[in-house]
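Peer 1: Next comes the sequence, and after it the predicted model I'd like to discuss.
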Amino acid sequence: MTQALGYGQPVGGICQTAFVVEDVHASIDHFIRDCGAGPFFLLDHFLAEGQVYRGAVSKADVTIAMGFAGHMQIELIQPLDANPSVYRETIEKTGYGFHHFGIASIDVEADLANYEARGFSLAFKAPVPTGGSVAYLEGGHAAQPGFVELIPVTDMMDQHFTGMWQASQGWNGRDPIRPFL
């Protein structure tokens, strides 16, 4: 594995900025029209077996859309139910908007231990379609605006995210919403 992802972001650094949204389609329109991002890749339902929220099995279902603005991946997350989750928690605490920074991680378990040693705590963990499991962390610093998500860098993740980024290069506005995988 190289020290940079195929779309130029550094391993160990921020590779994604995520927002919890009320309406994923309206948010996609906003990011395309007002922020120059796109196209977006949509996963209508993400409710993987093995999700754990604050130590308990999670049954929260969300819609996820991912697109690029330059080299930064934008993730939009719309909760589809009222089940407890890191997404519902954010909406209740601060409303819709910024949710987390995604950090590209070669070894999620080792990085998780490192973050926990620095005062962060695990809030959510879930297997993802591109391999491995993501981990959402909170705490650590009073200035932290949201969660930190450790995203496992697998060959499939790098290829998939790089493919999304490549689709954004010179994008002509056609097919603004595409299938996730």
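Peer 2: That came in fine, so what should we check first?
Peer 1: The longest helix anywhere in the chain: which residues count as buried?
Peer 2: Residue-count comparison of every helix in the chain, with assignments taken from DSSP state H, identifies helix 155-168 as the longest. Buried residues in helix 155-168, counting neighbours by 16 or more other C-beta atoms under 10 Å, are found at Met157, Asp158, His160, Phe161, Met164, Trp165, Ala167, Ser168. Every residue, glycine included, has its C-beta placed from N, CA and C.
Peer 1: Repeat that for stretch 123-143.
Peer 2: 123-126, 128, 130, 132-139.
Peer 1: out of those residues, which one sits closest to Phe68?
Peer 2: Relative to Phe68, the closest of the buried residues of stretch 123-143 is Thr130; by C-beta to C-beta it sits at 15.8 Å.
Peer 1: rewinding a little: which of the buried residues of stretch 123-143 sit farthest apart?
Peer 2: The two members of those with the most space between them (C-beta to C-beta) are Thr130 and Gly139, at 26.5 Å.
Peer 1: Could you pull up the contacting residues of Ile77?
Peer 2: The contact partners of Ile77, taken as C-beta atoms under 8 Å, 6 or more residues apart in numbering, are Ala18, Phe19, Val20, Val21, Val24, Val62, Thr63, Ile64, Tyr87, His99.
Peer 1: and the gap between it and His160?
Peer 2: Here the criterion is C-beta to C-beta, to the nearest Å. By it, Ile77 lies 17 Å from His160.
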